[in-house]
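J.: Give me a 3D structure for the following:
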Amino acid sequence: MKKRWFLCCFLGCLYWGGWSQVDTLFEDMLMDNIDQITDDENEGEVAQEELLERWQQYAEKKINLNNLEPDIAHVLLQLTDYQYYQLQLYIEKYGELVSVGELAAVEGFDKEDVERIRDRVEVVPIKGKQKPFARFFQQSRQMLLVRYGQIMEKQGGYDKEKENGYLGNPLKLSFKYAFQSGEHFSMALAGEKDPGEQFFKGTQKQGFDHYSFFVNISKIGLLRNCVIGDYRLGFGQGLVLGSSLMGRKGGGTTQVRQFSSGVQAAAPMNENNCLRGAAVVIGTPRYAATLFYGHRFFDGKIIRASGQPLVFDGSLNVNGYHRTISEIEQKNQLRNRIYGAHLEVNHRVFSLGLTCSETDFIYPRAPADELYKKYDFLGKHIFHVGIDHKWIIRKVVLFGEAAYSSNQGWGILQGLFCDLDPRSKVSVLFRYYDKKYWALQAAPLGESKSPQSEGGLYITADYVTSRRTSLSLYADYYWFPWLRFRTDSPTANFDCAFKFQFTPSRKFSGAFKYQYKHKYQNGKNSAYYNTIAYKDRHVFRLTLQEDPISWLKLKTEINLLINVIERQAPACGFLFTQDLNLTIEKWRGGGKLRFAIFNTDSYEEKIGSYEQDLLYTFTVNNHYGRGVRYYLILFYQYRFVNFQVKFSQTYWDGKNAIGSGNTLIKGNTKSELKAQIIFHI
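T.: As a prediction, the model looks like this:
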């Protein structure tokens, strides 16, 4: 299972200043959710590229207040639902804004709100209707990206004498070509080869192991969106179909509610949860209907027990590896198709949506031996229906979704957001996911990766305590009515945190975060059953940032983790990181350097940390054991060509080997080299 998670986006053309802005945004979002992302039970690839693809275009241009979309307003500008509602009401009543300063005349905004977003917004009149293809090629742009990566040390899987070793070379190669013409037409093609996979030979004569593509037409009359190829779906709060980075714990009041992303074209450079097929959205901004059909494949084995029909034995989590003979034999053995419709009604103060989808498999899944998987769906067909809503009542926003699956499972999520005053915001969210409820493409807020056998009450608040300080709080009481992995009993758990941010000056800022998590897991085994023991987790994080001069940025972070397990001695983990970012605009280049020291008592005390990476790539790396890690990124832009290279190395003290099996490295260092070149036309 991978220990890193990549959030990649390859649409749009960004300047280096834009890269820094988006880096900062997603670093804050990732670090607020770092403990949930690096939990053992949530390990895997985080496929949230659709948000990056959508948002990174705003790094190279300012956001037009006269044409402001809800998710951009809430996430990038940090506006509340009440502020966004009042802004739309003001424009409808008095016409388009003529200056950014006019925003202070809108109810819900004050001078501090205007100054906070002034550098990121603009006021531009919305152009009248134009012929979509009148200036097709004049408004078009193209991008070609080629990326390389490699672990420098030899791994055990490349030993030619090893049984079931890797068939290919250790290079990781990928590419993406994208074409976009204004807001009406776009298309893309991408491919990827993982380390150890063959390339244009053997079992991979087609070249790359993974290809993705799409053709997208949008905003032409009643045709709001049409995608042929790969795409993602996100409706309501994600109980039936979800693909949003929002709806996570720990990110403040603005990250609790998901925003319906609808149909999003995607051509990712790795295997993930995209559907391949076609989807169309027809309607107006007030009334719209979506029809979709798509399919996916999963790796595993097709087996038959004596006297029983064929069943699929494998995981529905996609890792995309086809490096060995056994992995190739299991490739794409299970075909899954999803089709359905979504209807929505949007009004100024309310919205209502209805989602219906059918999920089919060509084979049923093999029953699991583990008791905690007793209620997993194993059939060939399952139908879902979900109803989502949003109501704005003065400064209160009610939102939620209820869903039903044909195996008699229910899921309910109901939330409330209240803008108490310009300095205080509160969100409350209740969730309950039945033991039988199961949805393959769901992604609502929750402690588990899938919405099944969980209930909880989540409360979060944001306070502006002064002009230079702010405080964020959250608490989550949640319970599991059935067994879970490594927990052989129903349990009730508690999770809370606070984050204090301070900005003494324009060049210096900092934050202190404390998180406490009380949960239960299996303790020491007895002769007949597993005992249940509590586990208390304390996390302290101090972050300091300074920009002493315009071309230099410094960041220091200290992490301390303490695990206290019942009837065991406390265990600790420590991580110190120092970042230095250098940008020389005159030379259109620069570098980024990090040095980290870590020391943990065991893997259970691992500490995740966000790392800057190649352009459009975000990495979360786990630190465990005792050692040091550093990386260096160099970047340069010459006219229409961007070039970046990254070298990273981790050194473990007292280790003679890293990994096991095919990933075994003899020694105590692990080094990685990455490079990419991007052409913009």
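
J.: Where is the longest strand in the protein?
T.: In the chain, taking DSSP state E as the definition, the longest strand is strand 530-549.

J.: which other residues reach the helix or strand following that one?
T.: Using DSSP states H and E, the helix or strand that follows strand 530-549 towards the C-terminus is strand 552-565. Applying CB atoms under 8 Å, 6 or more residues apart in numbering, the external contacts of strand 552-565 come out as 523, 533-548, 570-583, 600, 604-605, 607, 609. Where C-beta positions appear, they are placed from N, C-alpha and C, glycine not excepted.

J.: circling back: just the CA trace of the longest strand of the chain, in CSV.
T.: Provided in CSV are the C-alpha atoms of strand 530-549 (Å, rounded to 0.1, in the frame of the first residue of the first chain):
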residue,chain,number,x,y,z
ASN,A,530,-9.5,-9.9,21.7
THR,A,531,-9.9,-7.5,24.5
ILE,A,532,-10.8,-3.8,23.8
ALA,A,533,-8.5,-1.1,24.9
TYR,A,534,-8.8,2.7,24.6
LYS,A,535,-6.2,4.7,22.7
ASP,A,536,-5.7,8.4,23.5
ARG,A,537,-3.8,10.4,20.8
HIS,A,538,-2.4,13.9,21.5
VAL,A,539,-1.0,15.9,18.7
PHE,A,540,0.8,19.3,19.1
ARG,A,541,1.8,21.4,16.0
LEU,A,542,3.5,24.8,16.0
THR,A,543,4.0,26.5,12.6
LEU,A,544,5.9,29.8,12.1
GLN,A,545,6.3,31.6,8.7
GLU,A,546,8.3,34.6,7.8
ASP,A,547,9.0,36.6,4.6
PRO,A,548,12.1,38.6,5.6
ILE,A,549,12.5,39.9,2.0
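
J.: looking at the sheet around Phe297, what are its partners?
T.: For Phe297, the beta-bridge partners under DSSP bridges are Arg335.

J.: Poorly predicted segments of the stretch 51-200 of the chain, please.
T.: 51-61, 71, 75, 127-138 (pLDDT under 70).

J.: I misspoke; the intended subject was the chain.
T.: 1-61, 71, 75, 127-138, 244-247, 306, 525-527.

J.: got the residue ranges for the helices in it?
T.: In the chain, the helices defined using DSSP state H lie at 16-32, 34-37, 49-55, 70-71, 81-94, 111-117, 325-329.

J.: Can you tell me which helices and strands the longest strand of the chain packs against?
T.: strand 508-525, strand 552-565 (3 or more CB pairs under 8 Å, 6 or more residues apart in numbering; DSSP states H and E).

J.: I'd like those strands as a markdown table, with distance to Lys592 appended.
T.: A markdown table is the format used below for the helices and strands packed on strand 530-549 (distance: least, CB to CB, whole Å):
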| stretch | distance to Lys592 |
| --- | --- |
| strand 508-525 | 19 |
| strand 552-565 | 9 |
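
J.: So what sits opposite Asn64 in the bridge?
T.: Glu122.

J.: Revised request: answer the last question for Gln515.
T.: On the basis of DSSP bridges, Gln515 is bridged to Ala497, Val539.

J.: now do Leu275
T.: Beta-bridge partners, per DSSP bridges, of Leu275: Tyr231.

J.: One more: the one 5 residues further on?
T.: When bridges are taken as DSSP bridges, the partners of Val280 come out as Cys226, Leu291.

J.: wait, what's in contact with it?
T.: Per CB under 8 Å, 6+ apart, neighbours of Val280: Leu223, Asn225, Cys226, Val227, Val263, Thr290, Leu291, Phe292.

J.: got it, and Tyr231?
T.: Shown in contact with Tyr231 (CB under 8 Å, 6+ apart): Phe214, Val263, Gln264, Ala265, Ala266, Cys274, Leu275, Gly277, Ala279, Phe292, Gly294.
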